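[1] next one to model:
(chains A and B)
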Amino acid sequence: MATVLEGVGKRTLNELDYVGSLNIQWWATLRAMVKSLPFVGNRYRWQASVRQMLEIGVDALPMVSLMAICTGFILAMQGASELRRFGALHYVIDLVAVGFTRELGPLLTAIAVSGRSGSAFAAEIGTMKVTEELDSLRVMALEPVEFILAPKYLAALISVPCLSIASNVCGIFAGGLFMFFSTHLAPRLYLHYVLASIQLRDVITGLIKSVAFATIIAHVGCLEGFRVRGGPDSVGRSTTNAVVKSTFLVIVADAVFTAIFYLTVKS
Amino acid sequence: MVLLGGSGSGKSTLLRQIIGLERPKSGQVHVKGVDIAHCSAAELKTLRRSIGVAFQSAALFNSLTIADNVALTLREHTRLAPSIIDLMVWMKLAVVGLADFGKLFPQELSGGMKKRAAVARALALSPEILVLDEPSAGLDPIVAAELDELILILKEVFQVTLIVVTHELPSAFRIADRIAMLYKGTFSSIGTKDEIRASTNPRVRQFLDRIPDDMAKSPAVAAYFEKYLQSPEAT
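    Numbers count the residues shown, from 1 in each chain, chains lettered A, B, ... in the order given. Reported below is the predicted structural model:
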């Protein structure tokens, strides 16, 4: 009996420690991020941030667009097959437009970025820890949080919402293609209906979610990298953990945000 | 000052404490008057500007060229013009003999060149104290000898205080003014090069004369033989 309690207690304490470390890291990064800003900050930090934006955002664009187009088709077809029975095929447009803007765009983007960039952060920082590069930085009076984390976080904060918007556009485009081929709906008319069904608050809530997801992905990835202890197998494990934990936390955060917006914002 | 000691004697820990990466849990470490155990982060930061470290694994940043590696601290901690920084980088690389290799990436260098690049990077801000962790480890004797010559030049021409951790006895006696011997976390002997060479301290003598530990004295091995001798097969 005692050992079960011990196990549960130990697990709880470990998880609390993890969440605490995430929090501390987040605040430290926020303070250090000022130096990464363009014009007012350090030139090299901003350059590093721009390079990260290219890697996190631009390089992910093909993958995210393709995911969004496929999901757009899937959503449109599944929705159509049900709504057709009620003669309400028209509402597929609403389903795709609002579904993507509020929910699927940010979520799909977050999952893609978590797999690509979350693992990359963990692997890069973990390897730097193993090869003593992090120690080298510290003895050169360059704090890893300011030098490595802050540019990555700033880049994620800018790239992930942009990717979400791109994902929305691709998903809605896929819906339009489906409507055109199934009901010969003119693209112009489709666009009109889409714009009529989306409200500004849908876009805003989607973007707020994107920012939260970007925070989760960047910090979980980097924390796993900093926590590496030992050799290559530890780096491998931390990379896996980064993807698994950030995906899980993203979905939990999505549920929380959706509940908050559902309960507070009246349509 | 050369730090000698067997594996597990605490050399790396002491080194990490001197450069401020770890706080000493007992005893005292004072560097340039600053108490490492109790100083603030800001004091540590100022102190780190005057210490240069070359790690055992060179630890060069893979995403930057050698020249950028050396220039890093200059760009971050000074406001010098880029042309002056480039000149200083070239000078530091020339001191270690890598003047033609600035544009290469660390992956493209041999082991000896990486170690020399790490020394150049440690010298970037012209530190007062230079700490080298096993500079000759894994190098062939010729390259190791070149590194020794470089260290002697640094000592005499640049007046740098050197703390070197090494296993290589020929190197140690070539470059050292003073030697400290560590055993299981404490200093078993400190003295000048000649004093250590003539020391009668048994641990120092064992290290210098390369006498191995008696392996049969391991308790597990002795217990095994006990059991075997008492078993029926032995008779």
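
[2] not counting its neighbours along the chain, what's nearest A:Lys152?
    Counting by C-beta to C-beta, 6 or more residues apart in numbering or on different chains, A:Lys152 lies nearest to A:Gln52, which is 5.3 Å off, once chain neighbours are set aside. Bear in mind the C-beta positions are built from the backbone N, C-alpha and C, glycine included.

[3] what of B:Val29?
    If the residues on either side of it in the chain are set aside, B:Val29 comes closest to B:Ile36, at 4.3 Å by C-beta to C-beta, 6+ apart.

[4] quick check: phi and psi at that neighbour.
    phi -60, psi -30 (degrees, to the nearest 10).

[5] now do the contacts for it.
    Going by C-beta atoms under 8 Å, 6 or more residues apart in numbering or on different chains, B:Ile36 touches B:17-18, B:20, B:23-24, B:29-30, B:44.

[6] quick revisit: thought the residue nearest to A:Lys152 was touching A:Ala155?
    Yes. Shown here, A:Gln52 and A:Ala155 form a contact pair, counting by C-beta atoms under 8 Å, at 3.5 Å.

[7] and the pLDDT at the residue nearest to B:Val29?
    Predicted confidence (pLDDT) at B:Ile36: the value is 78.

[8] one more: the one 5 residues further on?
    According to the model's per-residue confidence, B:Ala41 sits at a pLDDT of 81.

[9] what about residue 37, how many residues nearby?
    Here I'm looking at chain A. For A:Leu37, the count of nearby residues is 14 (other C-beta atoms under 10 Å in any protein chain shown).

[10] oops, wrong one, chain B.
    For B:Ala37, the neighbour count with other C-beta under 10 Å is 14.

[11] which bits of chain B sit near chain A?
    B:16, B:19-21, B:45, B:48-49, B:51, B:53, B:55-57, B:59-62, B:72-73, B:75-77 (C-beta under 8 Å from any C-beta of the partner chain).

[12] about what we covered before: ok, the residue nearest to A:Lys152 - contacts?
    When contacts are counted by C-beta under 8 Å, 6+ apart, A:Gln52 touches A:151-152, A:154-156.

[13] quick one on the thing from earlier: filter the contacts of B:Ile36 down to the buried ones.
    Those of the contacts of B:Ile36 that meet the buried threshold are B:17-18, B:20, B:24, B:44, by 16 or more other C-beta atoms under 10 Å in any protein chain shown.

[14] and the residue nearest the centre of chain A, how far from B:Thr13?
    For chain A, the residue nearest the mean C-alpha position is A:Ala110 (2.7 Å; C-alpha atoms, centre = their mean). Here A:Ala110 is placed at a distance of 42 Å from B:Thr13 (C-beta to C-beta, to the nearest Å).

[15] how about A:Leu191: what's its closest non-neighbour residue?
    Excluding the flanking residues, the one nearest A:Leu191 by C-beta to C-beta, 6+ apart is A:Gly176, at 7.3 Å.

[16] my error: substitute B:Ala71 in the last question.
    B:Val89 (4.9 Å).

[17] any idea which helix or strand carries that neighbour?
    Taking DSSP states H and E as the definition, B:Val89 sits inside helix B:82-96.
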